[in-house]
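Participant: Output the structure for:
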Amino acid sequence: MKEKLEAIKVNGLEELKKATNSSELESIRVKYLGKKGELTLILRGMGALSPEERPLAGKMTNEVREVLENAIEESSREIKNKEKNVKLQSEVIDISMPGIRQNLGKRHPLEQTLDEMKEIFISMGFTIEEGPEVELDYYNFEALNIPKNHPARGEQDTFYINDNIVLRTQTSPLQIRTMESQKPPIKMISPGKVYRSDAVDATHSPIFYQMEGLVIDKGVTFADLKGTLELFAKKMFGDDLNTKFRPHHFPFTEPSAEMDATCFVCNGEGCRVCKGEGWMELLGCGMVHPQVLRNCGIDPEVYSGFAFGFGVDRMVMLKYGIDDIRQLYESDMRFLKQF
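Facilitator: As a prediction, the model looks like this:
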């Protein structure tokens, strides 16, 4: 037994000296100390020894095990250090080489303009209301006093999910939802994405952004509407801007109007952008129709209000002199980096 254990120790230490990598080291460990290793087999055969021989054999076996374990641990440290040095030499990084420049994006001009518009209205005490883009026909048309035979309800203008559900064509449904859920006074804007069945060209897109506003309170007049929108226009485009209002018709407002502003390109002198008129249309607006108030449970004999709405895309185009709406949706960084 003694000779056998001595041979295991000598052979094990000799093999450890020859090991050159972690895989060879693991094979040696398993050979001598594993579940079916040589030392383990000796321990399992100690039952055949006499009671007097067992303590001595157990002591010698543990001593050999300790020697081999210590030698394996030391060899493991040496091999790992060698492997680490080889890896470091093969993965040398030349820190003097120029790095790879990361192309960073920037905020889209639509987002920039939308945030600027929000800040102006928030400074005037408006709150921001949000709602679903897939909307019920009732909120998108019916409650807004838009009759069944109105052209806007035709399939050539509206994306229908079914007879009762549409992709919202305007953010006006949020005005109805707000009037249903909140009691006057109300002062809100509803920015968001809208959808219309338009062919794509320089001035039309089936997806675009709108911002609409609503004010409901006692004693609200058209003068309040004009003052609010003129203040917004001057904050958005500068104090030198002039505005004017033209009569118009919208089913949900009465009276209705469109607001024009002096052309930002020619300052009202007439150019290609404004088609020589010196004025550019900014938005539609008007006093909330009494029937719309009744539809939302608000008494038009007590409360009045005004509403307005404009395309954010158009505001971007006017602000930056862009003549093709498609450029806002093509994700061309050469174009977007200008803003």
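
Participant: Contact partners for residue 135?
Facilitator: Counting by C-beta atoms under 8 Å, 6 or more residues apart in numbering, residue 135 makes contact with 165-168, 173. Using the backbone N, CA and C atoms, a C-beta is placed for each residue, glycine as well.

Participant: where does the stretch 101-250 of the chain have low pLDDT?
Facilitator: Flagging of the stretch 101-250 of the chain using pLDDT under 70 yields the residue ranges 155.

Participant: Now do the helices in it.
Facilitator: 109-123, 137-140, 173-181, 222-237 (DSSP state H, counting those that start in this stretch).

Participant: Could you name the helices and strands sitting against the shortest one?
Facilitator: Think helix 137-140. The contact analysis (3 or more C-beta pairs under 8 Å, 6 or more residues apart in numbering; DSSP states H and E) places helix 137-140 against strand 165-167, helix 173-181.

Participant: Tell me which of those is the most buried.
Facilitator: helix 173-181 (a mean of 21; mean count of other C-beta atoms under 10 Å).

Participant: related to what we said a few turns ago, which of the helices and strands packed on helix 137-140 sits closest to residue 225?
Facilitator: helix 173-181 (14.4 Å; C-beta to C-beta).

Participant: Show me how far that closest one is from its chain's centre.
Facilitator: For helix 173-181, the distance from its own C-alpha centre to the chain's C-alpha centre is 26 Å (C-alpha atoms, centre = their mean, to the nearest Å).

Participant: And for stretch 184-196?
Facilitator: With C-alpha atoms, centre = their mean, you get 21 Å for stretch 184-196.

Participant: go on, stretch 241-257?
Facilitator: Distance, centroid of stretch 241-257 to centroid of chain: 36 Å (C-alpha atoms, centre = their mean).

Participant: try stretch 179-191
Facilitator: Here the centre of stretch 179-191 is set off from its chain's centre by 27 Å, with C-alpha atoms, centre = their mean.

Participant: Then stretch 320-329?
Facilitator: 22 Å.

Participant: do stretch 189-208 as well
Facilitator: 20 Å.

Participant: I'd like the numbering to begin with 58 instead of 1 from here.
Facilitator: With 58 as the first residue, the last one maps to stretch 246-265.

Participant: List the buried residues in that stretch.
Facilitator: Neighbour counts over stretch 246-265 (16 or more other C-beta atoms under 10 Å) mark 246-249, 251-253, 262, 265 as buried.

Participant: picking that back up, can you redo the contacts of residue 192 as a markdown table with distance to residue 272?
Facilitator: Below are the contacts of residue 192 laid out as a markdown table (distance: C-beta to C-beta, whole Å):
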| residue | distance to residue 272 |
| --- | --- |
| 222 | 29 |
| 223 | 26 |
| 224 | 27 |
| 225 | 21 |
| 230 | 17 |
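
Participant: Kindly tell me how buried residue 216 is, as a neighbour count.
Facilitator: As a burial measure, residue 216 scores 15 neighbours (other C-beta atoms under 10 Å).

Participant: Torsion angles phi and psi at it?
Facilitator: Backbone torsions for residue 216, taken as degrees, to the nearest 10, come to phi -90, psi 110.

Participant: One more: residue 299?
Facilitator: Dihedral angles for residue 299 - degrees, to the nearest 10 - are phi -110, psi 150.

Participant: I'd like to know how far it sits from residue 268.
Facilitator: The gap separating residue 299 from residue 268 is 22 Å, by C-beta to C-beta, to the nearest Å.

Participant: out of the two, which sits in the more crowded spot?
Facilitator: residue 268 (22 against 14).

Participant: Give me the contacts around stretch 250-261.
Facilitator: 190, 212-216, 224-228, 262-267, 380-383.

Participant: Buried ones among those residues?
Facilitator: Among the contacts of stretch 250-261, those classed as buried by 16+ other C-beta under 10 Å are 215, 224-228, 262, 265-267, 382.

Participant: Among the buried residues of stretch 246-265, which are located in strands?
Facilitator: Within the buried residues of stretch 246-265, residues falling in strands by DSSP state E are 246-249, 251-252, 265.

Participant: Which of the residues you listed sits closest to residue 280?
Facilitator: residue 246 (20.0 Å).

Participant: so what's the closest one up against?
Facilitator: 175, 178, 183-186, 268-271 are the contacts of residue 246 under C-beta under 8 Å, 6+ apart.

Participant: Same question for residue 386.
Facilitator: Residue 386 makes contacts with 262, 264, as judged by C-beta under 8 Å, 6+ apart.

Participant: most packed of the helices of the stretch 158-307 of the chain?
Facilitator: It is helix 230-238: most buried of those by mean count of other C-beta under 10 Å, with a mean of 21.

Participant: packing partners for that one?
Facilitator: helix 194-197, strand 243-252, strand 264-274, helix 347-352.

Participant: Can you tell me which of those is nearest to residue 338?
Facilitator: strand 264-274 (14.5 Å).

Participant: How far does that closest one sit from its chain's centre?
Facilitator: Distance, centroid of strand 264-274 to centroid of chain: 23 Å (C-alpha atoms, centre = their mean).

Participant: Then stretch 322-341?
Facilitator: 36 Å.

Participant: how about the strands of the chain, start to end?
Facilitator: Going by DSSP E, the chain shows strands at 184-185, 191-193, 217-219, 222-224, 243-252, 264-274, 300-307, 310-319, 336-345, 361-368.
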